[in-house]
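In: Using only what follows, build the 3D model:
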Amino acid sequence: MRNNICISNPQYTFFARRALEESFSDIKFKTVNTQEICKNWKKYLMHYFRFFDKALFFTYDLDVQRRPLLYVIILLWLSRKEAYFIDMQGQTKKINYFSLFFHYLPLFLKEIISVPFLFTKVNQNIQYISNKNNKIQNINNLHYNLIIEGRKIAYLRTDHWFGHNKAGGSIAHIKGVVDGFLKLGYSLFFLSTDKLELIEESKTRIYLIKPDGIMKNLREMPELEYNFQLIEQGRKILQKEKPEFIYQRYSLNNYAGAYLAKEFNIPFVLEYNGSFLWMSKHWGKTLQFKKITNKIGLINLQVADLIVVVSKPIKDEIVKRGIKGEKILVNPNGVNPDRFKPDIDGSCIRKKYNIDEKIVIGFIGTFGPWHGAEILAQAIKFIIKNNQKIHFLFVGDGPMMPEVKKIIEVNKVNKYVSFTGIVPQEESPKYLAACDILVSPHIPNPDGTPFFGSPTKLFEYMAMEKGIVASNLDQIGEVLKDRETAILVKPGDVKDLATGISILINNMELRKHLGQNARKEAVEKYTWDKHVEGILKKLKRL
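Out: Model (predicted):
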């Protein structure tokens, strides 16, 4: 039995294991994530009282860690000798009963007392934004050919989602949009909650505004409180930089972009990727303060000069909320075809995982509940019945990874599968190049509403000129054409997915034909350059 335990949030499990290997190589730890503790709380409450010598909580950054009081109590419950907070920034904090009663508990009480004042101030700010404003929506000075040397854009990245700045669809989108603006002659600067390692600071200045308020323990309060900090610091930055317009990737309970745009009398472009109320209900924890979340979301949509969405279902959802369709641009995600291209050498990856002689089926993603990685895992046992010279490469990590590994373990197909863990986005083309077939097994929304995603992996797959098997699901089925650019299968159907993959396993010529057509389609229609041109053209028309 391991006498030490390390707890982490699911998204940091991979980093936690790596940190333990580097810093505690001589000590064995039982590693669990917070989801597991929530599911089996009775076991941890009743059977693990002071069971472990060392109890650690690993996170990305202690300065922005949520619910510290809860984790202090858990650590002290589990440990009989030592308890620590540690993070990826190198910080370590020792936890004891003194810090519980004289630091963490008083801070929690201070938060509770501050909530009414926080809501009052938030409502005052919303009222300021919603008042009939005199903002001059002057976009007529945009040059006709869209190339405007030296013009500045303020990009607000306000997500309270930390440590995921190297991989995933969101960072691919951010980088793609930034590169597109830069190519058209614009300059950008960021106001961001977290580091953005894929963004070149030599070309794009990043003002890191890390949340440092008192709200840490109460759900949704840190996002609300952050508005005041961002407005205060953002005001000084915008006065210095003098941007032509604000572009914000909308995040939960944030209205700072709308506030600053009104104050500085400049256009406000809102990138809206879906309803947080819907996503929290179906893919996460239900929001506690739905009314204020809905109010903030609606005021952003109402005052935005242009709303950019990646799919028609998102536009339909916004229009139903009373927003005029004329100011909404449906703009699918895209790809940089110079980074994702067919002549990339993936042989080093094939050698690394000893899959040189195999037909490799690849999946890349953050293993979200909508990605369908578990459907692909279930399909493996059917595929290997007819061809055992194959191998599955799962690239990435995330919430559904434990379920995927469980399926593979139960079906006893471990020898046909390799897991790479999280891969930095700049390295992902090599992993895709190592594959012969790429799979996008997305599943329908659990409530039957249209799938509103525009998977970045889809366009990266296309640009790699590989055979693709994908779910025939809303935009995916519109971008891809069955037997022309991909094999389309019934979403969520394990056997149909297995059949689609088997068709490409047995037909190299078809893989080549589909791949060439898909690459051509991606280059002609779905580059980040075209994505950004669409935004600027729409702004000019408005």
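
In: residue closest to the middle of this structure?
Out: Among the residues of the chain, S170 comes closest to the average C-alpha position under CA atoms, centre = their mean, at 4.5 Å.

In: This structure - how does it break down into domains?
Out: The chain breaks down by automatic domain parsing into domains covering 4-95, 133-330, 347-526.

In: Report how far apart the opening and closing residues of the first one are.
Out: The one in question is domain 4-95. End-to-end distance of domain 4-95 (CA to CA, to the nearest Å): 15 Å.

In: In this model F58 seems to touch L75, though I could be wrong.
Out: No. Contact criterion CB atoms under 8 Å: L75 and F58 do not qualify, at 11.3 Å. Every C-beta, even on glycine, is put in place using the N, C-alpha and C of the backbone.

In: joint contacts of the two?
Out: Counting by CB atoms under 8 Å, 6 or more residues apart in numbering, the common neighbours of L75 and F58 are I7.

In: is it true that the residue nearest to the centre of the chain touches V177?
Out: No. Judged on CB under 8 Å, S170 makes no contact with V177 at a distance of 10.9 Å.

In: Could you identify the longest helix within the chain?
Out: helix 105-130 (DSSP state H).

In: next helix or strand past it?
Out: Using DSSP states H and E, the helix or strand that follows helix 105-130 in sequence is strand 152-157.

In: buried stuff in the longest helix of the chain?
Out: Under the neighbour-count criterion of 16 or more other CB atoms under 10 Å, helix 105-130 has 108, 111, 114, 118, 122, 125-126, 129-130 buried.

In: elements contacting that helix?
Out: Judged by 3 or more CB pairs under 8 Å, 6 or more residues apart in numbering; DSSP states H and E, helix 105-130 is in contact with helix 68-78, helix 221-241, helix 256-264, helix 290-303.

In: on that earlier part again, okay if I get the buried residues of helix 105-130 as a markdown table plus distance to T499?
Out: Formatted as a markdown table, the buried residues of helix 105-130 follow (distance: CB to CB, whole Å):
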| residue | distance to T499 |
| --- | --- |
| F108 | 55 |
| E111 | 54 |
| S114 | 57 |
| L118 | 54 |
| V122 | 52 |
| N125 | 55 |
| I126 | 52 |
| I129 | 52 |
| S130 | 53 |
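
In: wait, which of those residues is closest to S280?
Out: Checking these against S280 by CB to CB gives V122 as the nearest, at 18.6 Å.

In: any chance you could map the strands in the stretch 401-542 of the chain?
Out: Taking DSSP state E, counting those that start in this stretch as the test, the strands found in the stretch 401-542 of the chain are 417-421, 437-440, 467-471, 487-489.

In: wait, which of these is closest to A373?
Out: Closest among these, using CB to CB: strand 437-440, at 9.1 Å.

In: just to revisit the earlier point, from the helices and strands packed on helix 105-130, which stretch is densest packed?
Out: Stretch with highest mean neighbour count among those: helix 256-264 (a mean of 23; mean count of other CB atoms under 10 Å).

In: if we look at that one, which residues are touching it?
Out: Helix 256-264 is contacted by residues 125, 128-129, 133, 135, 154, 156, 158, 226-227, 230-231, 234-235, 238, 243, 245-246, 248, 250, 267-268, 270, 299-300, 303-304 when judged by CB under 8 Å, 6+ apart.

In: The longest helix of the chain: how far from the chain's middle?
Out: Here helix 105-130 is found 28 Å from its chain centre; the criterion is CA atoms, centre = their mean, to the nearest Å.

In: Please apply the same query to stretch 203-215.
Out: Its chain's average C-alpha position is 18 Å from that of stretch 203-215, according to CA atoms, centre = their mean.

In: Could you check which helix or strand contains the closest residue to L306 other than its chain neighbours?
Out: Setting aside the residues directly before and after it, L306 is nearest to V269 in space (CB to CB, 6 or more residues apart in numbering), at 4.8 Å. Using DSSP H and E, V269 maps to strand 268-271.

In: about what we covered before: ok, which of the helices and strands packed on helix 105-130 comes nearest E426?
Out: helix 221-241 (27.5 Å).

In: Can you tell me what sits against the closest one?
Out: Under CB under 8 Å, 6+ apart, the answer for helix 221-241 is 64, 66, 111, 115, 118-119, 121-122, 125, 152, 154, 156, 158, 160, 189, 191, 193, 207, 209, 211-216, 251-256, 259-260, 263-264, 292.

In: okay, the angle between it and helix 105-130?
Out: Here the directions of helix 221-241 and helix 105-130 differ by 60 degrees (axes from the mean of the first three to the mean of the last three CA atoms, to 10 degrees).

In: For the very next helix or strand once past helix 221-241, the averaged confidence score.
Out: Per DSSP H and E, the first helix or strand lying C-terminal to helix 221-241 is strand 245-249. Summarised as a single mean, pLDDT over strand 245-249 is 94.

In: for strand 245-249, packing partners?
Out: Looks like strand 245-249 contacts strand 152-157, helix 169-183, helix 256-264, strand 268-271 (3+ CB pairs under 8 Å, 6+ apart).

In: who's in contact with it?
Out: Identification of contacts with strand 245-249 by CB under 8 Å, 6+ apart yields 139, 153-159, 170, 173-174, 177, 254, 256-257, 260-261, 264, 266-271, 273, 305, 539.

In: Could you rerun that using 7 Å?
Out: 153-158, 174, 257, 260-261, 266-271 (CB atoms under 7 Å, 6 or more residues apart in numbering).

In: Looking at the residues you listed, state which has the most neighbours.
Out: Tallying neighbours with other CB atoms under 10 Å puts G257 at the head of the contacts of strand 245-249, with 30 neighbours.

In: Can you report how many residues neighbour I37?
Out: For I37, using other CB under 10 Å, the count is 17.

In: Kindly report the same for R50.
Out: R50 has 12 nearby residues by other CB under 10 Å.

In: One more: G398?
Out: Around G398 there are 22 residues (other CB under 10 Å).

In: That one and G368 touch, don't they?
Out: Yes. Judged on CB atoms under 7 Å, G398 makes contact with G368 at a distance of 6.1 Å.

In: low-scoring pLDDT stretches of this protein, where are they?
Out: 1-2, 132-150, 163-169, 201-202 (pLDDT under 70).

In: Tell me how far Q248 lies from N254.
Out: Q248 sits 8 Å away from N254, going by CB to CB, to the nearest Å.
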